[in-house]
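Engineer: below: sequence and its predicted model.
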Amino acid sequence: MNCKMFGLFLLSVTTFSFGNTCSQKNSALNYPALNAQAMEESAKPIRPGVPGKQPFWNTHARQFIYAPAFNFNPVKGAARYRFTATSKTDNKDYVFTASEPWAALSPIWRELPVGPVVLTVQGLDNQGVEVDLFCQGRKFYRGAVFKGPYHKAVMDYRESAHQALEYLFKEKYIKRWVEDGQPDQSYDLYCYPSKVIGAVIRAMNMYSKLSPADAKEALLIAQRAAEYLISISEPAGAPLEYFTPTYSRKDYGYSPEWNQAAERNKDKLMVAYAAEAATAFLDLYDTTKDDKFLAAAKRIADTYVKLQMPCGTWPAMVEVKTGTPTAKNLCMPTMWIIPFLERLVEQYGMDEYKTAKEKAFGWVMENPMKTFNWEGQFEDQFLSPDYENLTGIDACYHAVYLLKHNKDNPEYVKQAEELIRFAEDQFVVWANIMPAEYQRRKTLGYDNYLLPCALEQYYYMDAIGAVAAIIIKAYQKAYEVTGIELYIAKACELANSMTVAQERNGKFAPGRYPTIWRKEYTSKDFIWVNCLAMDAEAMISLAKVLEGRK
């Protein structure tokens, strides 16, 4: 089979459809110039692999906004290589030659239309004659480059967050904490205590600052939830002493999928999530000045120090009774552990945690920063082999850390920007979403997603509001440090989508940020409290930055 026939065969495997987006003009930004800048930058590859020197991270990737480079093998007798990208969108071939088979697609990337593409690579001799009988190839989706504006904000970002938190405050499964200090078992996701009950604490503490009339009751909810979470922590002297549980042994609600994940792992603990709960304890301490919450956070930090491996990180998942690792995967500490330890040092002057924080940071710099194996580690998913389940979440958190510490090393800003581009490349959808049938995991309602949006992980490529929130915060920090307008434009466009998603959901639950962004909702659409809390945090943070713009 020749290269052209091979390409046509791959294209015939899957059919595609394309969605539309609605754009409205934002006069505060020069969108024509920003869009041209985005297109120009899209030709720059992200951490391109080089055999034997730099690993190829995109083995399992399906879409690319930025020009990719693939791990094609050298061909004996080849002096150069012909790259042919056949677009399903216009049925044209886009061709260039390069000296190496792993060259990035930069020469043709700006012209290559959005949509499915089949790439073939064939070795040529010095006269341009093909030297290999069979070509190498790969199928992928060429993602849409940023081209704003998309939506006009439905409301002020701060007011949007206020309404979302007010919605949560009124929910029965939140109010229940005031009654008896126990989680309402009708809410399925309390089966993930550190994450979800921790988010109740953070959300209600946040709401108390936005709504003076409800502040007393909101703080009471936060306090009761925190006291409960502390009460179910591992006892003193246990291998994981004072860590809050990742999974609950109780049967919450009637969701087989979530309860199966909790039941499957009921005797296990994911190490990163105790820091999420501890962060909530610190938030509550800052508001109430109740020393028991600071003490609880400090006890968790002490256990992190005790369990830290010589390499600087921790096992991703362990047995609760013994602390024994359950898999070879190591913990990605960027999202919760490093910021938690740093906060103890910087805000509370607890220098005893500085070494642990620096060791964890060093592990990140020596591992995912070099390998780009930004492995997804979620409590409701299985741990994965290298590169099989990437996510942009931890990359964004590490980017924010590097930007915050940009004066420590002149390379940090450049490294952070590459991480943010990686997260956008793989997980942001500005327009024309890649069809569900092209995914590893076919998702329900894929064509119904509200765009622009952000996808969570390779194992769960759904449009999750909290992922958009995390990327918003990364764009925001990049803008604050570099002053580059394109970053704030991208942040605002995702934030505008947040308000549109919220407004369209109003007929069922006024003010609610939906966990999954859809064009249309039903009364059965479910929310994760932690996602709503992250959404509100990002919107409030972005509002503050915009208030400072001239």
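Structural biologist: Yep, that arrived.
Engineer: Ile472 against Glu493, yeah?
Structural biologist: No. Applying CB atoms under 8 Å as the test, Ile472 and Glu493 come out as separate, 9.4 Å apart. In short, each C-beta sits where N, CA and C put it, glycine included.
Engineer: quick one: low-confidence ranges for the stretch 151-300 of the chain?
Structural biologist: For the stretch 151-300 of the chain, the stretches with pLDDT under 70 are 249-259.
Engineer: surely Pro68 forms part of a helix?
Structural biologist: No. Counting by DSSP: H, G, I helix; E, B strand; the rest coil, Pro68 is not part of a helix but coil.
Engineer: show me what contacts it?
Structural biologist: For Pro68, the contacting residues are 45-46, 48, 58, 61, 104-105, 140, by CB atoms under 8 Å, 6 or more residues apart in numbering.
Engineer: backbone dihedrals for it, please?
Structural biologist: phi -90, psi 170 (degrees, to the nearest 10).
Engineer: do you know how far it is from Ala543?
Structural biologist: 35 Å (CB to CB, to the nearest Å).
Engineer: what does Thr355 give?
Structural biologist: Using CB to CB, Thr355 is found at 36 Å from Ala543.
Engineer: more neighbours: those two, which one.
Structural biologist: Each of Thr355 and Ala543 has its neighbours counted (other CB atoms under 10 Å); Ala543 has more, 16 against 13.
Engineer: surely the more buried one meets Asp156?
Structural biologist: Yes. Ala543 is within contact range of Asp156, at 7.1 Å (criterion: CB under 8 Å).
Engineer: hmm, which two among the contacts of Pro68 are most spread apart?
Structural biologist: Spatially, the most separated pair among those is Pro48 and Phe140, at 14.7 Å (CB to CB).
Engineer: chain neighbours aside, what residue packs nearest to Arg110?
Structural biologist: Spatial nearest neighbour of Arg110, excluding adjacent residues (CB to CB, 6 or more residues apart in numbering): Ala43 at 5.6 Å.
Engineer: one more: Val345?
Structural biologist: Excluding the flanking residues, the one nearest Val345 by CB to CB, 6+ apart is Lys354, at 4.9 Å.
Engineer: and what of Lys195?
Structural biologist: Nearest non-adjacent residue to Lys195, counting by CB to CB, 6+ apart: Asn530, 5.2 Å away.
Engineer: got any ranges where the stretch 401-550 of the chain has weak pLDDT?
Structural biologist: 437-445, 522-524, 550.
Engineer: helices along that one, start to end?
Structural biologist: Listed in chain order, the helices of the stretch 401-550 of the chain (DSSP state H, counting those that start in this stretch) span 412-427, 465-482, 485-504, 529-547.
Engineer: distance to Tyr187 for the ones you listed - can I get that in CSV?
Structural biologist: Converted to CSV, those look like this (distance: least, CB to CB, whole Å):
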stretch, distance to Tyr187
helix 412-427, 28
helix 465-482, 17
helix 485-504, 20
helix 529-547, 8
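Engineer: where does the residue nearest to Ala536 when sequence neighbours are not counted fall, secondary structure wise?
Structural biologist: Closest residue to Ala536 apart from its sequence neighbours, by CB to CB, 6+ apart: Ala161 at 4.0 Å. Using DSSP states H and E, Ala161 maps to helix 157-170.
Engineer: quick one, that helix and helix 485-504 angle?
Structural biologist: 40 degrees (axes from the mean of the first three to the mean of the last three CA atoms, to 10 degrees).
Engineer: kindly export the next helix or strand after helix 157-170 (C-alpha atoms) in PDB.
Structural biologist: Using DSSP H and E, the helix or strand that follows helix 157-170 in sequence is helix 172-180. The C-alpha trace of helix 172-180 is given here as PDB (Å, rounded to 0.1, in the frame of the first residue of the first chain):
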ATOM      1  CA  LYS A 172     -30.100  20.600  51.300                       C
ATOM      2  CA  TYR A 173     -27.000  18.500  51.400                       C
ATOM      3  CA  ILE A 174     -25.100  21.700  52.400                       C
ATOM      4  CA  LYS A 175     -27.600  22.900  55.000                       C
ATOM      5  CA  ARG A 176     -27.500  19.400  56.600                       C
ATOM      6  CA  TRP A 177     -24.200  20.200  58.200                       C
ATOM      7  CA  VAL A 178     -25.900  22.700  60.500                       C
ATOM      8  CA  GLU A 179     -28.400  20.200  61.700                       C
ATOM      9  CA  ASP A 180     -26.100  17.400  63.100                       C
END
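Engineer: so which bits of helix 172-180 are buried?
Structural biologist: Buried residues in helix 172-180, defined by neighbour count with 16 or more other CB atoms under 10 Å: 173-174, 176-177.
Engineer: just how off-centre is that helix within its chain?
Structural biologist: Distance of helix 172-180 from the chain centroid (CA atoms, centre = their mean, to the nearest Å) equals 30 Å.
Engineer: likewise for stretch 543-550?
Structural biologist: That offset, for stretch 543-550, works out to 24 Å (CA atoms, centre = their mean).
Engineer: next one: stretch 192-208
Structural biologist: Here the centre of stretch 192-208 is set off from its chain's centre by 19 Å, with CA atoms, centre = their mean.
Engineer: what comes up buried for it?
Structural biologist: Using 16+ other CB under 10 Å as the test for burial, stretch 192-208 gives 192-208.
Engineer: repeat that for stretch 112-123.
Structural biologist: The neighbour-count check on stretch 112-123 (16+ other CB under 10 Å) flags 112, 114-123 as buried.
Engineer: OK, contacts around Ile393?
Structural biologist: Each residue near Ile393 by CB under 8 Å, 6+ apart is listed here: 335, 376, 423, 456-457, 467, 470.
Engineer: mind picking the one among those that's closest to His151?
Structural biologist: Set against His151, the nearest of the contacts of Ile393 by CB to CB is Val467 (17.5 Å).
Engineer: could I get the full set of helices for the stretch 151-300 of the chain?
Structural biologist: Here the stretch 151-300 of the chain has its helices, by DSSP H, counting those that start in this stretch, at 157-170, 172-180, 198-210, 215-231, 256-264, 273-288, 291-307.
Engineer: deepest-packed of these, please.
Structural biologist: Mean neighbours per residue, mean count of other CB atoms under 10 Å, is largest over these for helix 198-210, with a mean of 25.
Engineer: show me how far stretch 33-45 is from its chain's centre.
Structural biologist: On the basis of CA atoms, centre = their mean, stretch 33-45 sits 22 Å off its chain's mean C-alpha point.
Engineer: CA atoms only for it, dumped as CSV, please.
Structural biologist: Provided in CSV are the C-alpha atoms of stretch 33-45 (Å, rounded to 0.1, in the frame of the first residue of the first chain):
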residue,chain,number,x,y,z
ALA,A,33,-3.9,41.4,16.4
LEU,A,34,-4.3,38.8,19.2
ASN,A,35,-5.8,36.2,16.8
ALA,A,36,-2.9,36.8,14.3
GLN,A,37,-0.5,36.3,17.2
ALA,A,38,-2.2,33.1,18.3
MET,A,39,-2.0,31.7,14.8
GLU,A,40,1.7,32.6,14.4
GLU,A,41,2.5,31.0,17.8
SER,A,42,0.6,27.8,16.9
ALA,A,43,3.5,26.8,14.5
LYS,A,44,5.9,26.5,17.5
PRO,A,45,6.0,22.9,18.7
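Engineer: need the mean per-residue confidence for that stretch.
Structural biologist: For stretch 33-45, the mean pLDDT works out to 98.
Engineer: what residues does it touch?
Structural biologist: The contact list for stretch 33-45, computed with CB under 8 Å, 6+ apart, reads 65-69, 104-106, 109-110, 145-148, 421, 485-486, 489.
Engineer: show the buried residues in these.
Structural biologist: Neighbour counting with 16+ other CB under 10 Å marks 65-69, 104-106, 109, 145-148, 421, 485-486, 489 as buried within the contacts of stretch 33-45.
Engineer: what about the nearest residue to Leu532 once chain neighbours are set aside, neighbour count?
Structural biologist: In space, and not counting its chain neighbours, Leu532 is closest to Tyr513: 4.8 Å by CB to CB, 6+ apart. Tyr513 has 29 neighbours, counted by other CB under 10 Å.
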